[in-house]
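[1] Model the following, please.
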Amino acid sequence: MKKGWLRHLDFIVIDICAMELSLMLTQCVYPLLFRGEDAAFWQLYFFTPLLHLSLTVMFCTCNGILERGRLKELASVLRLECLVFCVLCFSAYFLRFMPNLPWRALAVYFMFCIPATWALRCLQKFYLKRRYNKIKYSRQILVVATEAAARDMIRIITASVIRNYRFFGLAIIDRPMVGENIQGVAVCADQDSLIRCVMDQVIDEVVINIPDQSGANLKLARTFLEMGVTVHIYMEEVYRSLPNRSVSNVFGYNVLTTAISSISFRQSLFKRLMDIIGGLAGCILTVFLTLFIGPAVFLKSPGPIFFSQIRAGKRGRPFKIYKFRSMYMDAEQRKAGLMRQNKVPGGMMFKIDHDPRIIKGVGTFIRRASLDEFPQFWNVLKGDMSMVGTRPPTMDEYARYSPHHKRRLTMQPGITGLWQVSGRSRLTDFEEVVRLDTEYIANWSLGLDLKILLKTVRNMIKNDDAC
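    From the prediction side, this is the model:
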């Protein structure tokens, strides 16, 4: 069975066809609307489908496409095309990849592209629904389960409007229910008539869900395999409370894998790509800022203009973090004497009001404007940190962690994060920090990272002390 975006390759091809059709219509209509203007469309014929494919894979825009109705599909198309439009405008007018392309040409193109994409997607769904309703093109599935398990399964599995499988029926093995219905699916067999039912009917696959009876599951599976029927056995009943479950192979053993956050290799790749681009841009800005911040820091407090410290990274891996020095040279020695003023109980973080170790003037300014964090873009480029993540603790803070505190180090630490941009950068309750960091990790997506980055820039401009 195809996985990921390849499952919906047909919709991606349809979207590209809608784009090419819209480009041809734009090329015909644009000269009539704006006489005397020349637009170079040839670049879009290649660049737009490539961009669409990249954004579809990056943001998983085809996920749940078969479950969406017409209005939700229109909203999904609008979001995707707005994203494509923004990237096209950035590429054409900021990066100057397509300097001869007027913005009005793009506007006309998207006026055609949005309805064309939506209409072709709806037509494809109509075709698939008609096709899968025929036994020739669908997989006939029989569910063998207890009554309670069957009710739970049917409610979840029938959520999709368009399916490439058909429920032939149910076989309830814990009580006689032949002839009855469970949520619209007929009960066609019980424990005694199950084998005869599979032999007499067109059954492609059987799903077995008999809780706490592994022996019965194994016996039925072997019987069905003798008949050439594909068998699926539900094995997760006892582990249902665990998040993000998946079956994987470790050292040659098939195991059930669970994690606080399930991030695919593709998502990790795109996150790292975003970090490399952001790290390069940030390092260039850091060089520029050094020309101004460096002399100002040195004049106020002679010594190195950069501050480095060992911090705990992903799952506690030590790494050296870099900042513009905003404190006097003896700041670390003076920290012990200030611990009584720490507003965070237990020493899990260190926060005090009016820290006397901060260099007056320049130190206060660069911390308030978050400019002291810019050298961390070098950490991002090296792979020690990410643009967005959880803030890395010092090694002595990490040594005080309880087991559940380590959850916040499940991902790569970041320059900015969820709790910094949530208006809670002055939090003194460490448990609330852990909760917000865990919320970020559990709900992570590239879209969430982009939102946090945009909020970080906004807060820096407003001087909102969010970072």
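[2] now the strands: where do they sit in this protein?
    Using DSSP state E, the strands of the chain run over 139-145, 165-172, 181-182, 185-189, 205-209, 230-233, 246-250, 253-257, 306-312, 318-324, 386-388, 414-416.
[3] can you tell me which of the ones you listed comes nearest to residue 87?
    Residue 87 lies closest to strand 386-388 among those, at 18.1 Å (C-beta to C-beta). C-beta here means a position set from N, CA and C on the backbone, and glycine is covered the same way.
[4] quick one: furthest residue from the center of this protein?
    residue 192 (47.1 Å; C-alpha atoms, centre = their mean).
[5] Let me see the confidence value for that residue.
    Looking at residue 192, its pLDDT is 89.
[6] now do residue 295
    For residue 295, the model assigns a pLDDT of 94.
[7] Number of residues surrounding it?
    12 (other C-beta atoms under 10 Å).
[8] and if you look at residue 207?
    Residues near residue 207, counting by other C-beta under 10 Å: 20.
[9] which strand residues sit across from it in the sheet?
    residue 143, residue 232 (DSSP bridges).
[10] shouldn't residue 117 be in contact with residue 17?
    No - contact criterion C-beta atoms under 8 Å: residue 117 and residue 17 do not qualify, at 9.2 Å.
[11] Counting neighbours around each, name which of these two comes out higher.
    Shown here are residue 117 and residue 17; by other C-beta under 10 Å, residue 117 has more neighbours (28 against 14).
[12] quick one: contacts for the more buried one?
    14-15, 18-19, 77, 81 (C-beta atoms under 8 Å, 6 or more residues apart in numbering).
[13] hmm, 6 Å instead?
    With contacts defined as C-beta atoms under 6 Å, 6 or more residues apart in numbering, residue 117 is in contact with 15, 18, 77.
[14] re the thing from before, any chance of the strands of the chain in TSV, plus distance to residue 52 and mean pLDDT?
    Listed next are the strands of the chain as TSV, based on distance: least, C-beta to C-beta, whole Å; pLDDT from 0 to 100:
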stretch	distance to residue 52	mean pLDDT
strand 139-145	31	89
strand 165-172	29	84
strand 181-182	42	86
strand 185-189	38	89
strand 205-209	34	91
strand 230-233	35	90
strand 246-250	29	82
strand 253-257	32	82
strand 306-312	40	94
strand 318-324	38	95
strand 386-388	24	95
strand 414-416	29	93
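[15] Distance to residue 429 added to the ones you listed, as CSV?
    Formatted as CSV, these follow (distance: least, C-beta to C-beta, whole Å):
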stretch, distance to residue 429
strand 139-145, 46
strand 165-172, 49
strand 181-182, 48
strand 185-189, 50
strand 205-209, 43
strand 230-233, 46
strand 246-250, 34
strand 253-257, 33
strand 306-312, 20
strand 318-324, 24
strand 386-388, 22
strand 414-416, 20
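[16] Can you say which of those strands is nearest to residue 133?
    Nearest to residue 133, of the strands of the chain and by C-beta to C-beta, is strand 165-172 at 7.8 Å.
[17] Determine the angle, from 0 to 180 degrees, between the closest one and strand 205-209.
    40 degrees (axes from the mean of the first three to the mean of the last three C-alpha atoms, to 10 degrees).
[18] Can you point out the buried residues in strand 165-172?
    For strand 165-172, the neighbour count (16 or more other C-beta atoms under 10 Å) marks 166-172 as buried.
[19] for it, packing partners?
    For strand 165-172, the packing partners by 3 or more C-beta pairs under 6 Å, 6 or more residues apart in numbering; DSSP states H and E come out as strand 139-145, strand 185-189.
[20] just to revisit the earlier point, so which of the contacts of residue 117 comes closest to residue 214?
    Nearest member of these to residue 214, counting by C-beta to C-beta, is residue 15, at 45.3 Å.
[21] Let me see the contact set for the closest one.
    residue 117.
[22] Mind putting the contacts of residue 117 into TSV with distance to residue 287 and pLDDT?
    TSV is the format used below for the contacts of residue 117 (distance: C-beta to C-beta, whole Å; pLDDT from 0 to 100):
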residue	distance to residue 287	pLDDT
15	41	92
18	44	93
77	42	94
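[23] Can you tell me which of the residues you listed is nearest residue 131?
    For those, the nearest to residue 131 is residue 15 (19.6 Å; C-beta to C-beta).
[24] Could you report the neighbour count for residue 456?
    Based on other C-beta under 10 Å, the number of other residues close to residue 456 is 23.
[25] How about it: what's its closest non-neighbour residue?
    In space, and not counting its chain neighbours, residue 456 is closest to residue 416: 4.3 Å by C-beta to C-beta, 6 or more residues apart in numbering.
[26] The one you found bridge partners, please.
    Bridge pairing for residue 416 - DSSP bridges - gives residue 388.
[27] Now for it, how many residues are close by?
    What residue 416 shows, counting by other C-beta under 10 Å, is a neighbour count of 26.
[28] Ends of stretch 169-187, what's the gap?
    Stretch 169-187 has its terminal residues 6 Å apart, counting by C-alpha to C-alpha, to the nearest Å.
[29] Pull the distance from that stretch to the chain's centre.
    Relative to its chain's centre, stretch 169-187 lies at 39 Å (C-alpha atoms, centre = their mean, to the nearest Å).
[30] again with stretch 166-186
    38 Å.
[31] Run through who's touching that stretch.
    With C-beta under 6 Å, 6+ apart, stretch 166-186 has contacts from 138, 140-144, 146-147, 150-151, 154, 187-191, 194, 203.
[32] got it, and stretch 145-164?
    66-67, 125, 128-129, 132, 138, 170, 172, 174, 182-183, 185, 209.
[33] Recalculate using a threshold of 7 Å.
    Outside stretch 145-164, the residues that touch it by C-beta atoms under 7 Å, 6 or more residues apart in numbering are 66-67, 125, 128-129, 132, 138-139, 143, 170, 172-175, 177, 182-183, 185, 209-211.
[34] Please report how far the spatially closest residue to residue 193 that is not a sequence neighbour lies from residue 203.
    Closest residue to residue 193 apart from its sequence neighbours, by C-beta to C-beta, 6+ apart: residue 178 at 7.0 Å. Going from residue 178 to residue 203 by C-beta to C-beta, to the nearest Å gives 16 Å.
[35] Over to residue 6?
    Applying C-beta to C-beta to residue 6 and residue 203 gives a distance of 27 Å.
[36] between those two, who's got more neighbours?
    residue 203 (19 against 11).
[37] That one contacts residue 140, doesn't it?
    Yes - using C-beta atoms under 7 Å, residue 203 makes contact with residue 140 at a distance of 5.4 Å.
[38] thinking again about what came up before, quick one, which of the contacts of stretch 166-186 are buried?
    140-144, 146-147, 150, 154, 187-190, 194, 203.
[39] now, among those, which is nearest to residue 455?
    residue 154 (42.1 Å).
[40] now the closest one, nearest residue through space, not along the chain?
    According to C-beta to C-beta, 6+ apart, the nearest residue to residue 154 is residue 183 (4.7 Å).
[41] Many thanks, we can stop here.
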